[in-house]
Each structure stands twice: as C-alpha cells, then as structure tokens.
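S.K.: need a structure here:
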Amino acid sequence: MKRAGVIGGGAWGTALAQVCARAGLETVLWAREPEVVADVNQRHENRLFLPGVALDGGIRASHDFVDLARSEFLLAVTPAQHLRGALKAFAGLIEPGLPVVLCAKGIEQGSLKLMTEVLAEEAPQAAPAVLSGPSFAGEVARGLPTAITLACPDEDLGWRLAEAIATPAFRPYTATDMIGAEAGGAIKNVLAIACGIVEGRALGRSAHAALITRGFSELTRIAEALGGEAETVAGLCGLGDLVLTCSSPQSRNMSVGLALGRGETLDQALAGKLSVAEGVASAPAVRQLARKLGVEVPICEATAAILAGEASVDAAIMGLLSRPLREES
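M.R.: Next up is the predicted model:
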C-alpha cells in the first residue's frame, strides 16, 4: 500500500494524515473547510483544529472527494453523527473491496447503529476496519509514542493496513473484533463526561477510580450484548482508551464534564469549542441502546439524564450512591 486518503480535516484526521505521511504513504487529506485546505497546502499547518503542530510537507489537502479516488485505503475520521453524510457523498467512488478504516467513536443517534453498520448501509462494497485506542491528536501529530487497536475481520487485510501506517512512534495492534473495538470507543466518551463531572465537583480520586472501574463494567456489558468480546474491550480500544479519556482535562469529553461539575450549563460547557465532544451526542444513543439490549448502565443513564436536563448533577450523583448494595461481578 502506497496511497492513503483521510476523510475529515479536524484534529484527529490531521493527526492520522501525519501518521500516514510519516509512514511513507502518499497522503490526501479531505477537509470541508477551505481555510484548512489552504493552511495545510501552503503553511503545512492546521491552525484551526491543530495549532502549533508542523505538518509533513507530503500531506496534500483537498475539498474535492475526487482527489481521494486513487487511494488504496481510506481513513474515515468525520464525527460519528456526520459519517453517514460523508459516506453518501463519497460512496460512488468506493471500488469493491476498498478498505475503509472507521476512526470516529460514537453511536448514531436515531438508528442506534455502530459506525460499521452505517458503512455497511452506505457503502456495502467497502472492506471495513476500525481504528480505536488511547490517542490524543496533538500527541500523535507530534510523534509521541502511541499504541492503538486496528480491528479488521479479514486478518490478512488487517495486517497489511497495520504495516502500512505503522511507524516507530505509532504502533497498531491487530484484532478481528470490530464490534468490541467500536463499543469501547463510543461508550468511553460518555463515561469520560461522567469522570469530568466527578472531578469538577471535587469528589476525590477514590470516586474517580470507582467510576472508571464500574464504568468499564458497563462498557463491557454493552459490548458483549452487541456481540463483541470482553477480551477486546480489556485492551487498548476499551480499557486503554477509557483510562486516557477519563484522566486528562485534555480530553474534549472530560472537559465538558468538568464544566458541568463546576456548575456550568451544557451550552456554556460547549461554547467556543470547534472540536466535537462525541460523548454529548452518543450519551442519549447509548442510553437507548442499553435499554433496547436490556443492559444495566446506571452511570451512562445518569450522564445522559444530566446532559438532557432531566436531572441535576447533585441529584444524579445521589441516585448513583443510593443504589441498592450488590455483589461485585
């Protein structure tokens, strides 16, 4: 593989374009914003979404989907709630068997579908894969060490993709369980908001650790109910991503929770943010999906209720603390 296409010129899309270029691939970055295209091509920067990071001069940006047509594989990095629209626009250029690596972490509102299901509906001729794991865009773009899960049901294709994007600082581990990889990436964003609320309310490190642990149980239950494997979410794309996203205010989702915990409204918490906090959109979908699957997820339920304005932060916390005692399992 010598040519990669990246759909989405936000922070994570730009970082992954940087990874591809560093791996020696001819890389085209599709971006919706004309200023991003101009910045990347002329200044080798993305000042809008990833300021302060010098980009590889081999990255070529475009706002024309046709420029992605020669790509040997695609990384789809648009926000989860916009993936379907992007795939619709590009589907006619996807040749049968073209690998499409899904990098958005979320559950589609309304349909309650994972990104692989959205891809199967909009571009069934594509060969799907999922990239997920503990990775902050700025760190990846700067070349700091990162390990991540690349899940693909076709093992040979998974290895080829991993070898294509691997660099000394970016290490993909292969897996075949796309459902587990997707579930981990989507649900951890909701739990990160909850951890931010705990931090913003100054409830202490003990509460923070308990929330991560019990949240991981919820994540695992949903993943298994969807058909994923507990072993998958115990790895980088589940536990690893959860620990990172729930432990740093650099996380967009945790920063939203921090603001809510400190008494801000959701509108105030989101004001001025260009990058998307996927957990805000995924929380109601996770709640609906868990109810549909018959899975108990009290932390995700409480987080969704706070975001929807159905419960105050203090009422939601009291509701969790007053739950009946039970055996840990």
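S.K.: On the three-state scheme, the most centrally placed residue in the chain is what?
M.R.: Centroid-nearest residue in the chain, with CA atoms, centre = their mean: Lys105, separated by 2.8 Å. Following DSSP: H, G, I helix; E, B strand; the rest coil, the label given to Lys105 is coil.
S.K.: Got phi/psi on it?
M.R.: phi -120, psi 100 (degrees, to the nearest 10).
S.K.: ok, now Ser248?
M.R.: Per degrees, to the nearest 10, the backbone of Ser248 is at phi -140, psi 130.
S.K.: any idea how far the residue nearest to the centre of the chain is from Ala127?
M.R.: 20 Å (CB to CB, to the nearest Å). All C-beta spots, glycine's among them, are computed from the backbone N, C-alpha and C.
S.K.: Kindly report the same for Met318.
M.R.: Relative to Ala127, and taking CB to CB, Met318 is found at 48 Å.
S.K.: Just want to know which of these two has more residues nearby.
M.R.: Comparing Met318 with Ala127 by other CB atoms under 10 Å, the one with more neighbours is Ala127, at 18 against 12.
S.K.: who's in contact with the more buried one?
M.R.: Each residue near Ala127 by CB atoms under 8 Å, 6 or more residues apart in numbering is listed here: Gly97, Leu98, Pro99, Val100, Cys152, Asp154, Leu157.
S.K.: In strands only, show me those.
M.R.: If you go by DSSP state E, these have Pro99, Val100 in strands.
S.K.: Show me which of the contacts of Ala127 is closest to Ser71.
M.R.: Leu98 (7.7 Å; CB to CB).
S.K.: Which member of the contacts of Ala127 is positioned nearest Thr213?
M.R.: Cys152 (29.7 Å).
S.K.: Any idea how many residues pack against the closest one?
M.R.: Cys152: 25 neighbours (other CB under 10 Å).
S.K.: so which strand or helix has the residue lying closest to the residue nearest to the centre of the chain once chain neighbours are set aside?
M.R.: Among residues not flanking Lys105 along the chain, Gly185 sits closest, at 3.5 Å (CB to CB, 6 or more residues apart in numbering). Gly185 belongs to helix 178-200 when assigned by DSSP states H and E.
S.K.: Compute the inter-axis angle for the helix or strand following that helix and helix 178-200.
M.R.: Using DSSP H and E, the helix or strand that directly follows helix 178-200 along the chain is helix 205-226. Helix 205-226 and helix 178-200 are oriented at 160 degrees to each other (axes from the mean of the first three to the mean of the last three CA atoms, to 10 degrees).
S.K.: quick one: the following helix or strand past helix 205-226 to chain centroid distance?
M.R.: Later in the chain than helix 205-226, the nearest helix or strand by DSSP H and E is helix 230-233. On the basis of CA atoms, centre = their mean, to the nearest Å, helix 230-233 sits 17 Å off its chain's mean C-alpha point.
S.K.: In PDB, list the C-alpha atoms belonging to helix 230-233.
M.R.: The C-alpha trace of helix 230-233 is given here as PDB (Å, rounded to 0.1, in the frame of the first residue of the first chain):
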ATOM      1  CA  ALA A 230     -14.700  -8.900  26.700                       C
ATOM      2  CA  GLU A 231     -11.100  -9.600  25.700                       C
ATOM      3  CA  THR A 232     -11.200  -6.900  23.100                       C
ATOM      4  CA  VAL A 233     -12.500  -4.200  25.400                       C
END
